[in-house]
Every structure is written in structure tokens, then in C-alpha cells.
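Colleague: Predicted structure and sequence below. I'll ask about it afterward.
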Amino acid sequence: MAASTSQQLDGRSALVTGGGRGIGRGISMILASRGAEVCVSDIDPANAEQVAAEINEGGGQAFATGGDVTDIDSISEVAQTAIDTFGKLDICVPNAGVIGGPGFMSRKDYIDADWDMTWDVNVRGVVNTADAVAEHMKKRMYGKIVIIASHGGRQPRGVPDVGRGSAQGPYMVSKAAAIQWTHWLAMSLGQFNINVNAVCPGRLWTPMWQAIAQNHKELNPDLADMDPREIFEMQIKGTMPLGREQTPEDIGKAVAFLASDDASEITGQALNVNGGAIMN
């Protein structure tokens, strides 16, 4: 008999980067609810501590740590701390991400800072995080790496009546790179019984998407009388067959499945969780 979802990850340990808010918080909470011990890492330690406290107060097991995924020494220290605390590390979720450089919301066009920030965090940060856990997982001949990409990495997203937001270009390119890295890493680590997959979220009302909606507002005079939430909802209705937004918990449930032994024969895949906005 298959284990219930509440027991899906019993005995497993996990590291989630960018776990202090938004999608990362949702992932951390779901993994803990499925039985995993969770290391919640975030560039803002206070956010990580709040999420870990919520998990522990709810009967789960978690601890918080700061960490900068753009610094290989920093994220390696985070990974080692998780290994030392749990005795092993089964699951790694490179989730930390940015939409652009400072001031992104008010810009029509990308600048060098957008390319630099999205590459450093969304690409090199993912690579650094995977590198920080790979040797440990290879020695154990077991591991689950679930990278958080975006459906924008599959196909540039833009709706004519709300504008394409050219400042988002670097972000979409960085997420395409994350998907390609998922494929390459799965090929490299498969011989060590390590599954590597990605989840591609659609549209979620997180701080990141609030910034995107605000950017659309800045780009389009016709949207001047709409608030960012209204713009967000208009895009949901215009692009998603299911007609509803996704939540951080929705992403967490997909991660939990890919991190479980129910997905032992799935690797090198990028799973859209986007209400059907893009179909592959």
C-alpha cells in the first residue's frame, strides 16, 4: 500500500534556498508537512527563522540559516550545516531567485544590472547550490534535486494588451538556462541514483509577481487606473485555461512529489505548474 501524503517524506531531510518567503516558504511548509526535516535558507535570515518557527510550531522539524547562493563558500557552508544537523541530506531545492536588478519595477527596458542579477542568482546560484550537495549525494548513491525554474523559461510570456515588459527578458533567459542545467545535471548524476528535475511555476501572487504586475503598469498607460492585483488577475483570465492563479503550496506539492520515491523513475524533466498557460 502506498504511503499517505502525510508520510510521503518521512525520514528525509531537505534544504530549500530562498525559503524565507513566497514560493520558497510554500515549498518548505509542504515538505515539512509530508514528514521531511527542513533546512530553511534565505539571504534574509529573519525570514528564514520565521518560516522555520512556523514549521516547528505546527509539529514539524526545521531550522533556519542565512546563505548567499551567489557565493559558493556561503552555500557550501549552508549545505554542510544541514548535513551535520540531519546526519544526511536527501533533498535539495535550489529555489532562490530574482526578477531583475534594483529598480526593475519602474523600467521599460533591461539594463546591465538585470542581466547580472538574474545570471548570478537564477543561474550561478542554482549551479552553486547543486554543486554544494552533489558530492554528498554521490557518496550516498541517493538524492533528489528539484530546481525551481519558470514557465517563462519555456516560452517568453507577454500579453499584447498589457505589454511584454522587455525588462523581464533577462529573467526569462535565466530560467531557460536553469531548465537546460536541469537536463544536463540529470544526465551527469543519474549514474549515482540522483534524480534531477525542475518545476516551472506559472503566476503566483508573491512579492516577485507583484513587482512584475507593477512593471506592466509602468509600461502601459492604459493600465494606469488598475492596481497591480487587477492586472495580475486580468493576465490569469487571459492566459490560463483553468482560470485561476497558482499558490506557493501548489509548487510545494509538485516538489514533494518529485522529491519522493514515487518519482524514482522521473529525471531530467521540467514540470509546468501553471494552470495550462503553457503546455508541453
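Modeller: Happy to help now that I have it. Residues are numbered from 1 along each chain as shown.

Colleague: Tell me the spacing between Gly276 and Lys88.
Modeller: 38 Å (C-beta to C-beta, to the nearest Å). Every residue, glycine included, has its C-beta placed from N, CA and C.

Colleague: More neighbours: which of these two?
Modeller: Neighbours were tallied for Gly276 and for Lys88 using other C-beta atoms under 10 Å; the higher tally belongs to Lys88 (16 against 12).

Colleague: If you average pLDDT per helix and strand, which one of this protein comes out bottom?
Modeller: When the helices and strands of the chain are scored by mean pLDDT, DSSP states H and E, helix 207-219 comes last with a mean of 75.

Colleague: buried stuff in that helix?
Modeller: Within helix 207-219, the residues that count as buried by 16 or more other C-beta atoms under 10 Å are Met208, Trp209, Gln210, Ala211, Ile212, Ala213, Gln214, Asn215, His216, Lys217, Glu218, Leu219.

Colleague: repeat for stretch 33-52
Modeller: Those would be 33-43, 47-52, for stretch 33-52 by 16+ other C-beta under 10 Å.

Colleague: And stretch 55-71, by the same measure?
Modeller: Ile55, Gly60, Ala62, Phe63, Ala64, Thr65, Gly66, Gly67, Asp68, Val69, Thr70.

Colleague: Farthest pair within those residues?
Modeller: By the measure C-beta to C-beta, Gly60 and Thr70 form the most distant pair in the buried residues of stretch 55-71, at 28.6 Å.

Colleague: In the stretch 101-250 of the chain, where is pLDDT below threshold?
Modeller: 157-166 (pLDDT under 70).

Colleague: residues in contact with the closest residue to Phe257 other than its chain neighbours?
Modeller: Closest residue to Phe257 apart from its sequence neighbours, by C-beta to C-beta, 6 or more residues apart in numbering: Ala263 at 5.7 Å. Neighbour list for Ala263: Lys144, Asn195, Asn197, Phe257 [criterion: C-beta atoms under 8 Å, 6 or more residues apart in numbering].

Colleague: Alright, that wraps it up for me.
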